[in-house]
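1. here is a sequence together with a model predicted from it:
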Amino acid sequence: MAEETGQKIIIYNVVPWTYLSPDLLLRIMEEVPNVIGVKQSAGDLKLFADLMMDAKPGNLIFSAVDALMYSSYCLGAHGSIAAILAAAPGPSVALWDAVQNNDHTTGHDLHVKLLRTWNAMLPHDNLPAATKHAQHLQGIDAGLPRQPMATVNSDQAQAIEMALKGLELV
C-alpha cells in the first residue's frame with residue numbers, strides 16, 4: 001500500500017486479536033518505506049514504554065492510551081490521537097502543554113480530571129456516543145451516533161456531565 005500510494009502511513013495498533021508487538025512495529029517502521037509511525041492504542045503502558053524506549057528518532061509514536069495521556073507524554077509520545085481529545089479538547093491541550101513545560105503539578109491535576117472523564121465514558125462499547133454527548137454538553141453539535149450504536153443512557157450522561165464539571169467545561 002505504501003509503495004502504490006506514495007503516502008505516509010501510521011499504523012493504528014489497536015485490534016486485540018491482531019495486536020502488533022513493539023518489536024514488530026519497530027521492524028516495520030525500519031523496513032517498510034513510508035511507514036513513519038504508530039498510533040499505540042492497546043491500553044498497556046508497559047508496551048507503550050517499550051515502544052518509546054526503542055523507537056528511532058524518526059519514528060512517530062502517538063498515544064491513544066486515553067486513560068494515561070499524562071504518562072504517555074512523560075514517556076515522550078510525539079502527540080496523541082484519541083477519543084478523550086475530542087471529548088475534552090481544551091484540557092487535553094493544556095495537559096500536553098503542562099508536560100512539555102515540565103509543569104507536573106498542573107499535568108497531574110489535569111490527568112486526574114481527564115481520567116475521571118474517561119471513566120465516566122465507560123463502558124466503551126458506545127464510545128463514539130459518549131464522546132458526542134460530551135461535545136453536546138459543551139455546546140458542540142456533533143449529532144447522534146450511527147446506528148446500531150445506542151445513545152448514552154441516563155447514568156452515563158450524568159457521569160459525563162459531572163466529570164466535565166470537574167474540568168469546568170459545563
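-> Sure thing, it's come through. Residues are numbered from 1 along each chain as shown.

2. now the strands: where do they sit in this structure?
-> 9-13, 35-40, 60-63, 79-80 (DSSP state E).

3. as TSV, these with mean neighbour count and distance to Gly107 would be great.
-> No exception for glycine: its C-beta is placed from N, CA and C like everyone else's. Listed next are the strands of the chain as TSV, based on neighbours: other C-beta atoms under 10 Å; distance: least, C-beta to C-beta, whole Å:
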stretch	mean neighbour count	distance to Gly107
strand 9-13	17	25
strand 35-40	21	20
strand 60-63	21	14
strand 79-80	18	14
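
4. same question for stretch 68-88, mean pLDDT?
-> Summarised as a single mean, pLDDT over stretch 68-88 is 96.

5. now do the buried residues in it.
-> Buried positions in stretch 68-88, judged by neighbour count with 16 or more other C-beta atoms under 10 Å: 68-75, 77, 80, 82-85, 87-88.

6. can I get that stretch in PDB? Just the C-alpha atoms.
-> Extracted in PDB, the C-alpha atoms of stretch 68-88 (Å, rounded to 0.1, in the frame of the first residue of the first chain):
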ATOM      1  CA  LEU A  68      -2.900   7.600  30.600                       C
ATOM      2  CA  MET A  69      -2.100  10.600  28.400                       C
ATOM      3  CA  TYR A  70      -0.100  12.200  31.100                       C
ATOM      4  CA  SER A  71       2.100   9.200  31.400                       C
ATOM      5  CA  SER A  72       2.400   8.800  27.700                       C
ATOM      6  CA  TYR A  73       3.500  12.400  27.300                       C
ATOM      7  CA  CYS A  74       6.100  11.900  30.100                       C
ATOM      8  CA  LEU A  75       7.400   8.900  28.200                       C
ATOM      9  CA  GLY A  76       8.000  11.000  25.100                       C
ATOM     10  CA  ALA A  77       4.900  10.500  22.900                       C
ATOM     11  CA  HIS A  78       5.000  12.700  19.900                       C
ATOM     12  CA  GLY A  79       1.400  13.500  20.400                       C
ATOM     13  CA  SER A  80      -1.900  11.700  20.700                       C
ATOM     14  CA  ILE A  81      -4.800  10.600  18.500                       C
ATOM     15  CA  ALA A  82      -7.600   9.600  20.900                       C
ATOM     16  CA  ALA A  83     -11.200   9.900  21.800                       C
ATOM     17  CA  ILE A  84     -10.600  11.900  25.100                       C
ATOM     18  CA  LEU A  85      -9.100  14.700  22.900                       C
ATOM     19  CA  ALA A  86     -12.500  15.100  21.200                       C
ATOM     20  CA  ALA A  87     -14.400  14.800  24.500                       C
ATOM     21  CA  ALA A  88     -12.300  17.400  26.300                       C
END
